[in-house]
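In: 3D, please:
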Amino acid sequence: MKIIGRIMALADDEAERLIGEVLAEFHGRHQRLLAFFRERYEAVRHHLLTDAPLGEARQLLIGSYFTQEYALESAALFNPSIVWHPRQEGLPPGTRRFILTLRATGEGHVSSVGFRTGTVDSAGTITLAAPTGFVTAPHVVADSRYEKPLFLCKLAELGIVDGVVDLVFDALPDHFTLADLEAALAQASRQRRVPRKEWEPFTTAILALARANYEIACDAESDISERVIFPYSPAETNGIEDARFVRFEEPDGTVRYYATCTAFDGSVMLPQFLATDDFLHFKMSTLNGPAIANKGLALFPRRINGAYAMLSRQDGENVFVMQSDMLHFWHTKRLVLRPTQPWEFVQVGNCGSPIETPRGWLVLTHGVGPMRKYAIGAALLDLDDPTKVLGRLHEPLLSPDENERAGYVPNVVYSCGALLHEGLLVIPYSMSDFATTFATVPLADVLTALRA
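Out: Presented below is the predicted three-dimensional model:
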């Protein structure tokens, strides 16, 4: 209100001069800057003291005062994941287009999910498309709907089973919006006359769950390098980390892209789940169940014996396999890989979703050894029973060389997913939590080493 009051005290010509200076200085650094200033003005206009109409110059000026630049990748661009692009037209034979997702870190070590695209040809030559240098912020879909049965299951998992829950949700349809939920909570409060100190924790928990499950939409005209999944919910205030994307195919041939990631609020890590069909619209959801813990979840690219399967590391040390009939609920786990070789004595984890090969599920792993040095290894799991280990590398597949050892976190090579193309394993990986590069290796060589 103080800032708005100061702006309102300016003469009309002074307001026009000031917004002119702002636009002259910043118009080349951003796309659709006027539209963004208008959105910011609308977000704060309820702080105005009267309903008197304002001229456009003063509206834009107010919007500019409540806008700040944020350099998404100014600190690091690392921990890549890779999937085949949903569109493959216009390419020469033997060449395929991919989408690379990366953890982008900026001021305050806040992480978001960024995107790049490129191609790999039959010889394994990788070509990345140049980013435009702009970012277009996505908008949260205000009328996105929650499924009542799924939402109630998630509340039950969180231990929120108070009798008031029935009162709130009986008033809601099977598919409801956040506004519907807020109205139902307000109505239940009036009906029950619950003391405020008892009611607030209840409503806070329900609304926190709702806000952790949301949808965003990117500008359809934007280049993929301009899209970003930036922290939105209270659970993500310090960032969204290490998205592991996978192209998932159902038995009927339906394809969706899923990703596990980690929400961080500065003290608590919360596993999250992303879904998209087109890399324009994204749905973020919470994962639930007693087997959901720690970081580093990675979904298998298809069902196994009718069930979903996922790699996990609940104890921060070993790799487990989980199986479930529901994507959002995981109740059981089974230990499959423990630190065994000296280069992984501290911990072992996955480097993305398993890759299906004729000989088994190829799982890239990461191991931590002396001096907190991270190396990438590999294991082979049975196609029908992924809890059965068929092979494992005794030496790392990839270790940091002298050009890759200096960075934000030294002595680290790390990946969140790889691809198989024309007999080559294509591995994007980060160098010391700072930048990203690629490695390729013949799949046959890896499988031979694993079998040995």
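
In: which secondary structure elements does the lowest-mean-pLDDT helix or strand in the chain contact?
Out: In the chain, the helix or strand scored least confidently by mean pLDDT, DSSP states H and E is helix 196-211, which has a mean of 86. In terms of contacts (3 or more CB pairs under 8 Å, 6 or more residues apart in numbering; DSSP states H and E), helix 196-211 is packed against helix 148-157, helix 178-192. Quick note: C-beta positions are derived from backbone N, CA and C, even for glycine.

In: How about residues contacting it?
Out: 146, 151, 154-155, 158, 160, 162, 164, 168, 178, 181-182, 185, 189, 194, 232-235, 286 (CB atoms under 8 Å, 6 or more residues apart in numbering).

In: 10 Å - rerun?
Out: 140, 146, 151, 154-155, 157-160, 162, 164-165, 168-169, 176-178, 181-182, 184-186, 188-189, 192-194, 232-236, 284, 286, 288 (CB atoms under 10 Å, 6 or more residues apart in numbering).

In: How about stretch 28-36?
Out: 19, 22-23, 26-27, 38-39, 56, 60, 63-64, 67, 69, 132-137, 219, 221-222, 226.

In: switch to 8 Å and redo it
Out: Taking CB under 8 Å, 6+ apart as the rule, stretch 28-36 contacts 23, 26-27, 60, 63, 67, 69, 134, 136-137, 226.

In: just the buried members of these?
Out: For those, a burial check counting by 16 or more other CB atoms under 10 Å picks out 60, 63, 67, 136-137, 226.

In: Same list, these, but as JSON lines with distance to M431, pLDDT and secondary structure please.
Out: As requested, the buried ones among the contacts of stretch 28-36 are exported to JSON lines (distance: CB to CB, whole Å; pLDDT from 0 to 100; DSSP: H, G, I helix; E, B strand; the rest coil):
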{"residue": "L60", "distance to M431": "42", "pLDDT": "98", "secondary structure": "helix"}
{"residue": "G63", "distance to M431": "39", "pLDDT": "98", "secondary structure": "helix"}
{"residue": "T67", "distance to M431": "34", "pLDDT": "95", "secondary structure": "coil"}
{"residue": "T136", "distance to M431": "28", "pLDDT": "81", "secondary structure": "coil"}
{"residue": "A137", "distance to M431": "28", "pLDDT": "81", "secondary structure": "coil"}
{"residue": "E226", "distance to M431": "25", "pLDDT": "96", "secondary structure": "helix"}
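
In: Can I get those residues in JSON lines including distance to Y258?
Out: Putting the buried ones among the contacts of stretch 28-36 into JSON lines (distance: CB to CB, whole Å) gives the following:
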{"residue": "L60", "distance to Y258": "40"}
{"residue": "G63", "distance to Y258": "36"}
{"residue": "T67", "distance to Y258": "33"}
{"residue": "T136", "distance to Y258": "23"}
{"residue": "A137", "distance to Y258": "23"}
{"residue": "E226", "distance to Y258": "23"}
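
In: farthest-separated two in the contacts of stretch 28-36?
Out: The most widely separated members of those, counting by CB to CB, are L60 and E226 (22.4 Å).

In: and A379, what does it touch?
Out: Applying CB under 8 Å, 6+ apart, the residues near A379 are 337, 362-363, 365, 389, 391-393, 450.
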